[in-house]
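Colleague: I need the structure of the sequence given here:
(chains A, B and C)
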Amino acid sequence: MVSSNDDDRKTHPPADEPEDTAASNLLSGEGGDVVTPGRDLAMATLVGVVAILAIILGLLMPNPENNIFTAPGFMPILTGLSLLAMSIGLGFGALKRGGGSELNLSPGELLGRYFADYENQWALVLMGLVVVYVVLLDWVTFIVTIPLMIGGFRLGFSSFEAVTIPMLAIALRIFWPKSFTQCLIVSAISTLVLAAAFRYGFRIPLPGSG
Amino acid sequence: MFFIDQLIHALNPYLVFFCILGTVLGLLWGSMPGISTTMSMVLLIGLSTQMSQDVAIMFLLGVYTASVFGGSITAVLINIPGTPAAVPTMIEGHPLAQRGEGGLALGTALVASFLGNWVGILILVVFIPLILLIALQFRSWEMFLLALWGIAICGTLTSGEAPIKGWISGWLGLLIAFVGLDNIYGVPRFTFGSVLLEDGISYIPVIIGFFGLTEVLWVLPQKEPSAIPEKVGRVIPPFSMLWRYARSSVRSGIIGTVIGAIPGAGGNIAAFVAYDVGKRRASPEEREKFGKGSYEGIVCGEVANNACIGGTILPTLTLGIPGSPPAAAFMAALELKHVIMGPTINIENPGLVYFIYGALIVANFLMYVFGLLLVKPAVKLYSLPRTLLMPIIIPICILGAYAVRLSMFDVYVMLASGFVGYALRSLGLPLAPMVLAVILGSLADENLRRALITFENKPFWYFLTSPIGTLLMIVSVFTFYDGIFRRGRKGKKT
Amino acid sequence: MSKQESHEHPKIIIPESSDLTRRSFIRTLGVAGAAAVAPMVFTSRKADAAKWPARPITGVVMYAAGGGTDTVIRTLCGEMARTTGWPVNVINRPGSVGGVATRYVLNKAADGYTWLGAGNYNKFVRPMGYTDSAAWVDWQHFAAAASLASWSVRPDSPFKTFNDVVAAAKKKSGKLTISTSGVGSIWHEVGATVADAAGIELRFVPYKGGKPATVAGLQGEVDIAGGGVHEHVEFLRAGKLRNLMHTGPKDLDIPGYGKAYNIANFIPALKALLPMGGMYSIALRRETPVDVLNKIKPVWTAAAKSEAFGKIATRKYFQIDVRVGEAADRRAAQLECLSAATLLKLQKHIGKKVRGPKELGLPEPKDFDAWWPPKGYKPRI
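Modeller: Predicted structure coming up:
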């Protein structure tokens, strides 16, 4: 799964970040990837489609008072129209800067390029893991409570811990260079601390059943 | 006096304890690269759900204040900004640390942050009554324009040379905000027949997804920058330094507060603008030092990013429009505590505004004290690898999203937002405008349509009779003009 | 940290051993699976009335946080939790004048662990077509208090009394604006009922709740501020609003303001309908074990009569009006019957198909007394 791209990168000399890069990253907000005109074009197309959908759905919305200004679809239509204008603007800009050339690539090639990126691969693995985690949290629900003698305090162990401990251990194992046992221990400790903080400290029920 | 009462209330040991808790968490989290101020606020909304109103306020303001300073610790010592707002501090502070002046650099940052908070608080105290005075002039039409302009300016400010991308992000956020039953007729919009979606999409899980999960997805697969912290030495807070840079301090404080008050623009923009202005205004010999370790540069950045806090809280409280993503998180927490923000805040929640001043003051002193105490532990914590810390954020995001309404649906919304945020970031779209639009979307929609109802049976130029409305229209038109024709052209040149 | 920066970094720290192809990923999953399955000892989640409440109760308020319903339900739930130690979490599920919360609770088990925090005995959801569950057939309501409607104007308004409004509205029909807490909401309904009785037409401008509706009047965005007495009273005291009428059974003496006249002074015909306004209750699914309902009944009554709630009620001019069992059922049916008839009459303002009394299996309002109790009705507690 790991591509040869990594080797390319390893040959890059270590470079201290020049001040200007830092500054421009800051200005661009959260700091983005290298954005090519081709990507802009793809985004413009996607946004255009969303805008048109919004307009159509807005037109289909019922209009109780038969008055365009108070119609529930009024704002969605306005938003869709202006969004469409923006996407056209962005698309033209991208075309001018030569975004069209990247259109020659087949979708397969584009996807191939995307998956060749080491970070993208791991981000996808991580996303898959999080989805499985959340779905498990949703499906598995139980709680075992052990009443302690002191003041009616109930010690609980619920599906949240049961699902979180192994899932977190897997996530740790993938990214943290330690053995699975170590990951499991860290995962168990942090999960139990977290669950205890929510359940006993702040009396907030946990997903699942409490 | 109301204010003294509330300040004494804020000094209640129980509340101070939670403020200390928040300050310490904020300092440690803020200093951790990858956990920005927004993320620390967002992750702690969940914890605050069961706190009482005053505890939650003290706690979150402690987190907010301290995490902004916390960012500078790693910036100075490791050359990695703990929060984006600490970048100017990093540029100036790290060379100083390499020269063995790390303690002094951090001390300067701390004192500057302390001062910045005071500037923010003072401006807040002076301007809240003024804004509240005119806030009652904000009716449906003005609220609509304000929301629209807020989203537009946020788009411009966060997307650098291509404002259109910021606007697209904001406009997509508007569409998300329309999901659910519309506020006026209860007509389902964009629900595709789903009962769950009729409830609408709550912005809290969206913020958690965007600034929590997205960040984890983004940062965790990256190579971890290996770095050896520079020696700290003793942290010396040099108040004399501030005196020397008094002009820069005051200027940066005002810049920070004003930028904070502009919807959607947060501490990072405040710090950068103040730093940039400071560089241009500095004396020639000082300007030479910029980039190689200028104390004045640190002062500019740190005063501004802390002054920004007071600024962002101003529109949040008086108009219900958050000044920055962390302020949006603060607003979410207040909303969960049934605080109704807006022009009537003083009537709805008597004394609350004064209590918030008090809490900010307490948090500021605590930040100062714990800033001095915690520099070394914060650096130690950084030696824990990011690959160990970041995965643990995932269950915290889930708990936070769940805790707010005890709803698994919100967890799925958080999950989807995290993925969408990741995708948008990959495409180079800023996230802040979208979040702001999700928060303000239904407000804009409802107010526009209501304004149009009240314009019925009136002459067509009636909408020009409101001075604030007209002013906002001019400002909005200028923002769009500026974004399309001026910045757009500049973008093409580079 | 941006991705771009990371391109410049030379080393990849993620260890070789974490390469999935080299890892026995399946073994990892196996361990995870075992860990997940091992502790699955399920506690019984069936309703066990004797042990109730064995876990936290969730109160689902059907209106947004901070509103009248929310305040009342939270105060009462807090009071109940304080006296009994029951853990009660209150959440808000606003939308569709209560339809969203109603459906939410209907989807939960009838075990007494999920309560509906209801306004107005949930009387709008059936006529508006959001649910088919009827308050006295599918629910058991516990009611605590009622609020009163109020119309107020700014001190600089030309309207000195309610009669001035009627005179002005007759001159320019449908042009005077009045704020409401939303289309088809309680203040819309009361407002429309009053306007109808006065023979005038008003333009109802919907806001997100009673409070924003009040503020709109304060700002002068609308000619008349609609809302509840509890929402207007602070502004009346502060001299920022002038009361035109309210829907209490008697005139009110508001300290710091003076006398506020009820609508019967201007339209005697409405006297029989007073008090009109919002009602606050919790509702449980009717299949909930009787034992559980009987446990809640005395606690609820005590909470409604508690000092803490009494204070809020006095300050906000809520009328304490405790109804449980058959009294609550009857009131629920009567209110729904009245509202269905009113909403049907106002259908063109609602902008949505409304189900009238006949469609809902209810009598016309005037025949209600003869109709109750309906065939097959059995009180639950």
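Colleague: contacts, neighbours, all on C-alpha from now
Modeller: Will do.
Colleague: chain A: strands as residue ranges?
Modeller: Along chain A, counting by DSSP state E, strands occupy A:143-147, A:154-158.
Colleague: run the chain-centre distance for the last one.
Modeller: Per C-alpha atoms, centre = their mean, to the nearest Å, the displacement of strand A:154-158 from the mean C-alpha position of its chain is 31 Å.
Colleague: quick one: it near chain C?
Modeller: No - using C-alpha under 8 Å from any C-alpha of the partner chain, strand A:154-158 stays clear of chain C, with a minimum separation of 8.7 Å.
Colleague: remind me what that strand packs against, helices and strands.
Modeller: Under the contact criterion of 3 or more C-alpha pairs under 8 Å, 6 or more residues apart in numbering or on different chains; DSSP states H and E, strand A:154-158 touches strand A:143-147.
Colleague: number of nearby residues for B:L157?
Modeller: Using other C-alpha atoms under 10 Å in any protein chain shown, B:L157 is surrounded by 25 other residues.
Colleague: now do the helix or strand hosting it: which elements does it pack against?
Modeller: B:L157 belongs to helix B:140-158 when assigned by DSSP states H and E. If you count contacts as 3+ C-alpha pairs under 8 Å, 6+ apart, helix B:140-158 packs onto helix B:163-177, helix B:432-455, helix B:467-481.
Colleague: and with 6 Å instead?
Modeller: Under the contact definition 3 or more C-alpha pairs under 6 Å, 6 or more residues apart in numbering or on different chains; DSSP states H and E, helix B:140-158 sits against helix B:163-177, helix B:432-455.
Colleague: can I get the ones you listed in TSV with distance to A:L90 and mean neighbour count?
Modeller: Listed next are the helices and strands packed on helix B:140-158 as TSV, based on distance: least, C-alpha to C-alpha, whole Å; neighbours: other C-alpha atoms under 10 Å in any protein chain shown:
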stretch	distance to A:L90	mean neighbour count
helix B:163-177	7	27
helix B:432-455	17	25
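Colleague: and of those, who's closest to chain C?
Modeller: Checking these against chain C by C-alpha to the nearest C-alpha gives helix B:432-455 as the closest, at 6.9 Å.
Colleague: ok, back up a step: closest one to chain A among the helices and strands packed on helix B:140-158?
Modeller: Using C-alpha to the nearest C-alpha, the helices and strands packed on helix B:140-158 put helix B:432-455 closest to chain A, at 5.1 Å.
Colleague: who's in contact with the closest one?
Modeller: For helix B:432-455, contacts defined as C-alpha atoms under 6 Å, 6 or more residues apart in numbering or on different chains pick out A:70, A:75, B:140-141, B:144, B:147, B:151, B:154-155, B:169-170, B:173-174, B:177, B:203.
Colleague: any idea which of the strands of chain A scores lowest on pLDDT?
Modeller: Note on these: strand A:143-147 shows the lowest mean pLDDT, a mean of 71.
Colleague: that one: how far from the chain's middle?
Modeller: Using C-alpha atoms, centre = their mean, the offset of strand A:143-147 from its chain centre is 35 Å.
Colleague: so for it, what gets flagged as buried?
Modeller: A:143-145 (16 or more other C-alpha atoms under 10 Å in any protein chain shown).
Colleague: so which of these is the closest to B:L197?
Modeller: Closest approach between those and B:L197, by C-alpha to C-alpha: A:I143, at 28.5 Å.
Colleague: contacts only, for the closest one.
Modeller: A:157-158.
Colleague: confirm that C:K358 lies within a strand, as I assumed.
Modeller: No - assessed with DSSP: H, G, I helix; E, B strand; the rest coil, C:K358 is coil; it does not lie in a strand.
Colleague: picking up where we left off before, show me the contact partners of the helix holding B:L157.
Modeller: Helix B:140-158 is contacted by residues A:28-29, B:163, B:166-167, B:263-265, B:433, B:444, B:447-448, B:451, B:469, B:476 when judged by C-alpha under 6 Å, 6+ apart.
Colleague: and for stretch B:282-297?
Modeller: With C-alpha under 6 Å, 6+ apart, stretch B:282-297 has contacts from B:91-93, B:95-96, B:279.
Colleague: likewise stretch B:114-134?
Modeller: In contact with stretch B:114-134 (C-alpha under 6 Å, 6+ apart) are residues B:253, B:257, B:303, B:306-307, B:310-311, B:343.
Colleague: can you tell me which residue is nearest the centre of chain A?
Modeller: Nearest to the mean C-alpha position of chain A, by C-alpha atoms, centre = their mean, lies A:M127 at 7.2 Å.
Colleague: helix or strand: which one has the closest residue to chain C within the stretch 251-400 of chain B?
Modeller: As assessed by C-alpha to the nearest C-alpha, chain C sits closest to B:H338 within the stretch 251-400 of chain B, at 5.0 Å. When elements are assigned from DSSP H and E, B:H338 belongs to no helix and no strand.
Colleague: what's the neighbour count on it?
Modeller: Neighbour tally, B:H338, other C-alpha under 10 Å: 18.
Colleague: roughly how far apart are it and B:G62?
Modeller: B:H338 sits 20 Å away from B:G62, going by C-alpha to C-alpha, to the nearest Å.
Colleague: and the helix or strand harbouring C:K311, how far out from the chain's middle?
Modeller: Taking DSSP H and E as the criterion, C:K311 maps to helix C:307-316. Remark: helix C:307-316 is offset 18 Å from the chain centroid, using C-alpha atoms, centre = their mean.
Colleague: then stretch B:197-205?
Modeller: Using C-alpha atoms, centre = their mean, the offset of stretch B:197-205 from its chain centre is 21 Å.
Colleague: so for that stretch, first residue to last residue, what's the gap.
Modeller: 14 Å.
Colleague: identify the residues contacting the helix holding C:K311?
Modeller: C:H230.
Colleague: list the buried residues for that helix?
Modeller: So for helix C:307-316, counting by 16+ other C-alpha under 10 Å, buried means C:309-310, C:313, C:316.
Colleague: so which two of the contacts of stretch B:114-134 are the farthest from each other?
Modeller: Maximum distance among those (C-alpha to C-alpha): 28.7 Å, for B:V303 and B:P343.
Colleague: who's more crowded, those two?
Modeller: B:V303 (37 against 23).
Colleague: which phi and psi does that one have?
Modeller: phi -60, psi -40 (degrees, to the nearest 10).
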